[in-house]
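In: I need the structure of the sequence given here:
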Amino acid sequence: MDDQQRERCRASCEAMAAGETRPDQPDRQVVEALKALATAQTTLTETQRALINAALDAGVSVRRTAAAAGRPVVTVQKWRKDAKELD
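Out: Model prediction:
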């Protein structure tokens with residue numbers, strides 16, 4: 001173990017001893033960041049679904065809408081079907 005590795009190990013042990021981090025529990029900031037990311041991803045998907053349905057309502061073809069959205073045609077077709085079932 002070289003000096004740099006020893007220093008990292010020492011700093012990490014000191015942090016754990018001070019209660020700053022525990023290897024058996026994820027860091028709160030990481031957990032909160034992951035929750036925020038999941039929420040943002042859900043919001044993005046919902047927004048994309050709404051935009052896809054608006055494009056289809058405006059007469060844009062399923063193939064072109066899928067290409068513009070970067071989604072498979074099958075996904076666009078399923079989302080369209082789901083939206084029509086809710087109406």
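In: Ala83 touches Glu46, doesn't it?
Out: No - contact between Ala83 and Glu46 fails when scored by C-beta atoms under 8 Å: they sit 11.5 Å apart. All C-beta atoms are positioned from the backbone trio N, CA, C, and that covers glycine.
In: compare these two (neighbour count), which wins?
Out: Here Ala83 and Glu46 are compared on neighbour count by other C-beta atoms under 10 Å; more neighbours surround Ala83, at 15 against 10.
In: give me the neighbour count for the residue nearest to the more buried one when sequence neighbours are not counted.
Out: The shortest distance from Ala83 to any non-neighbouring residue, by C-beta to C-beta, 6 or more residues apart in numbering, is to Asn53 (4.9 Å). By other C-beta under 10 Å, the residues close to Asn53 number 17.
In: name the helices or strands packed onto the strand or helix carrying Thr43?
Out: Assigning secondary structure by DSSP states H and E places Thr43 in helix 28-57. Packing contacts for helix 28-57, counted by 3 or more C-beta pairs under 8 Å, 6 or more residues apart in numbering; DSSP states H and E, involve helix 62-69, helix 73-86.
In: now Trp79. Nearest residue, chain neighbours left out?
Out: Closest to Trp79 by C-beta to C-beta, 6+ apart is Arg49, at 5.1 Å.
In: now what about stretch 71-78, what contacts it?
Out: Gln48, Ile52, Leu56, Val62, Arg63, Thr65, Ala66, Ala69 (C-beta atoms under 8 Å, 6 or more residues apart in numbering).
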